[in-house]
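**Student:** Sequence plus the predicted model coming up.
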Amino acid sequence: MISLNALTKVYGHGDHAVTVLDRLDFEVASGEIFAVVGPSGAGKSTLAQCINLLERPTSGSIVVNGEDLSSLPERRLRVARRRIGTIFQSDGLFSRRTAAQNVALPLEYLGVTVAETTARVAELLDRVGLKNRADHYPHQLSGGQRQRVGIARALALRPSILLSDEATSGLDPDSTASIVHLLRELRDDLSLSILFITHEMDTVLQVADSVARLDHGHIVESGRIVDLLRQPDSSLGQALRPQRRHAKATDGTQTWFVNYTSSTVPADWLSRLSAELGETVSLLGASIETIGGATVGHATISVPFAEPGRLVSVAAGLGLSAQPRCSNPLETGSPAVSPTLERAA
C-alpha cells in the first residue's frame, strides 16, 4: 500500500517560489490500480519523481507499507526505494544491452550472484511473454516489447509498488491493450499497488479501479471509476465516457441524454421507458460496457415532446438520470453540460 499525505513540492524560494504540488492526499491499496490524469503542466511528472524519490518532497509524506520513505536518510532511502518499481514512458532501455541484460541491471547493481540473476531474469522475461527475446537488443524489439522489458526490469527487486509514468504513451492500440492486460495480470498475481499516471482517458477505463484528476498541483476530483461514471454531474466521469457520433433526432421530438446511475438498470429499459411514458422512445446512440464487473453506460434518446418532469421521474425509477439536450443533433456523444476535463488532457 502507498499513501500520500499532504504531499507538497515547491521549487525556488521567496518571491520566486512555485508550488507544483499542493498538499496532495490519496491512497493506493494493495491490489489496486489508481490512475492520475490531468492536463499538461498539472504536476503529473513532478508527482512521479516525488513518489519514486528522485525528487524530495518539500513537505508531507510518502508512506509505503507503513514506513514514511520521505523522512528517511539517504542511506536507508536507497534500500527503501527498492519497494517502488518504475516503468518509464520511453522504456529507458540501454541500446547496447540485450533484453536480458537490461532486466539484470538492478540485480547486478545490488551484487546478486550470476546464477541468481540469470534465474530471476529468465523468470521475469517469461512472465512478460518475452522468454524467446532474451538475446534481442532494443532496436530488434517493437515498442510494446520494449515496454515489456521495462516492466520486467521494474519487477526485478520484487517491489510492492509499481509506478507507471505514461507507460503506454505512443504505443499503438494493440500494444497498449497488451500492456494494460499485463499490468492487470501482475496486479492480480503479485498483489501490487499500481499508480498509473497518464493523459490517455481511454486507457484509464481499461486499466484502473480508481482515478484522480490533478490540475495546477491539486487533486480536484477523485473516486472509483464506476462511481464517477454513474454521477451525471461529475466532470471526470463525463471525460471518461467514450465519445460517439449519434444519429439525428427527427422533427417533432426532444433529444435527451440518459446515464446509468445504478447497478440495477434493466436490460430492457428503453422499452420500459416507452411503456411508462406511453410514447415511442427512439435510441439515437449509446455506449454501454462492463467495468470491474459493473455495468455502466450512457445513451442519447429522442421522445415526442412531453412533460420533462415526468420523463426524469420515470427514468430515475429505472436507475437512469435524464437531461434534456438542445435541439441540435448529438455530434460528440457528450452530455449537455460540457466537461471541464478534455479527454486528451
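**Tutor:** Looks like it came in fine.

**Student:** Check the average confidence over stretch 24-38, would you?
**Tutor:** When pLDDT is averaged over stretch 24-38, the result is 94.

**Student:** C-alpha coordinates for it, PDB please?
**Tutor:** Taking C-alpha atoms only, stretch 24-38 is exported to PDB below (Å, rounded to 0.1, in the frame of the first residue of the first chain):
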ATOM      1  CA  LEU A  24      -1.900  16.000  -2.100                       C
ATOM      2  CA  ASP A  25      -3.700  13.300  -0.300                       C
ATOM      3  CA  PHE A  26      -4.600   9.900  -1.700                       C
ATOM      4  CA  GLU A  27      -4.100   6.200  -1.000                       C
ATOM      5  CA  VAL A  28      -3.500   3.200  -3.300                       C
ATOM      6  CA  ALA A  29      -4.400  -0.100  -1.600                       C
ATOM      7  CA  SER A  30      -2.700  -3.400  -2.200                       C
ATOM      8  CA  GLY A  31      -4.100  -4.900  -5.400                       C
ATOM      9  CA  GLU A  32      -5.500  -1.600  -6.600                       C
ATOM     10  CA  ILE A  33      -4.700   0.300  -9.800                       C
ATOM     11  CA  PHE A  34      -5.000   4.000  -9.200                       C
ATOM     12  CA  ALA A  35      -4.800   6.400 -12.200                       C
ATOM     13  CA  VAL A  36      -3.800  10.000 -12.100                       C
ATOM     14  CA  VAL A  37      -4.800  12.200 -15.100                       C
ATOM     15  CA  GLY A  38      -4.600  15.800 -15.900                       C
END
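
**Student:** Mind giving me the packing neighbours of the longest helix anywhere in the chain?
**Tutor:** The helix that spans the most residues within the chain, counting by DSSP state H, is helix 173-190. Applying 3 or more Cβ pairs under 8 Å, 6 or more residues apart in numbering; DSSP states H and E, one finds that helix 173-190 makes contact with strand 33-37, helix 143-154, strand 161-165, strand 193-197, helix 201-207. Backbone N, C-alpha and C define where each C-beta goes, glycine included.

**Student:** Next up, the contacts around Asp189.
**Tutor:** Counting by Cβ atoms under 8 Å, 6 or more residues apart in numbering, Asp189 touches no other residue.

**Student:** and with 10 Å instead?
**Tutor:** Arg127 (Cβ atoms under 10 Å, 6 or more residues apart in numbering).

**Student:** do the same with Ser178
**Tutor:** Applying Cβ under 10 Å, 6+ apart, the residues contacting Ser178 are 128-129, 144-145, 147-148, 168, 171-172.

**Student:** Pull out the buried residues from those residues.
**Tutor:** 128, 144-145, 147-148, 168, 171 (16 or more other Cβ atoms under 10 Å).

**Student:** before we move on, the earlier item: and Thr300, which of the helices and strands packed on helix 173-190 is closest to it?
**Tutor:** helix 201-207 (19.3 Å; Cβ to Cβ).

**Student:** Show me which positions of the closest one end up buried.
**Tutor:** For helix 201-207, by 16+ other Cβ under 10 Å, it's 201, 203-207.

**Student:** as a whole number, average confidence for stretch 223-231?
**Tutor:** 94.

**Student:** Check the offset of the helix or strand bottoming out on mean pLDDT in the chain from the chain's centre.
**Tutor:** When each helix and strand of the chain is scored by mean pLDDT, DSSP states H and E, helix 74-80 comes last, with a mean of 87. Centroid separation between helix 74-80 and its chain, computed with Cα atoms, centre = their mean, to the nearest Å, is 29 Å.

**Student:** Alright, calling it a day.
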